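**Student:** Give me the fold of what follows.
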Amino acid sequence: QLQLVESGGGLVQPGWSLRLSCAASGFTLDYYTIGWFRQAPGKEREGVSCISSSDGSTYYADSVKGRFTISRDNAKDTVSLQMSSLKPEYTDVYYCAAGDYCSPRSMHYWGKGTLVTVSS
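**Tutor:** Numbering: from 1, shown residues only. Below is the predicted model:
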């Protein structure tokens, strides 16, 4: 069965850090652009960060630049999102996805999401 599994979400206070991880089952992440997306209830899914398969180039939404870092661990076949200096507005369900380009429509596989709550 081909699936992605996210881990690392939780409840943290403003200013704290979290590290989300994405692992694949049934396929390898090496050949795909991997993206992290967020979605709040009633809103569209939006891109947070992506890392390409070809040259490792990265993309960050303006709202997270300087705070989030995406990286690959090829040995473990995982992709992580280091989230620092978290703010309450980052509270959302975060999804990992694998596909061709950094766009929700280009993603072939999706995880079930992990909840990040930033609250004092």
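
**Student:** Confirm residue 63 sits in a helix?
**Tutor:** Yes - counting by DSSP: H, G, I helix; E, B strand; the rest coil, residue 63 is found in a helix.

**Student:** neighbours around the nearest residue to it once chain neighbours are set aside, how many?
**Tutor:** Of all residues not flanking residue 63 in the chain, residue 89 sits nearest, at 7.8 Å (C-beta to C-beta, 6 or more residues apart in numbering). Glycine gets a C-beta too; all of them are placed from N, C-alpha and C. Residues lying near residue 89 (other C-beta atoms under 10 Å) number 10.

**Student:** what are the ranges of the strands in the protein?
**Tutor:** 3-7, 10-12, 18-25, 33-39, 46-51, 58-60, 68-73, 78-83, 92-99, 107-110, 114-118 (DSSP state E).

**Student:** Any chance of the ones you listed in CSV with mean neighbour count as columns?
**Tutor:** Below are the strands of the chain laid out as CSV (neighbours: other C-beta atoms under 10 Å):
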stretch, mean neighbour count
strand 3-7, 18
strand 10-12, 14
strand 18-25, 19
strand 33-39, 24
strand 46-51, 21
strand 58-60, 16
strand 68-73, 18
strand 78-83, 22
strand 92-99, 23
strand 107-110, 18
strand 114-118, 18
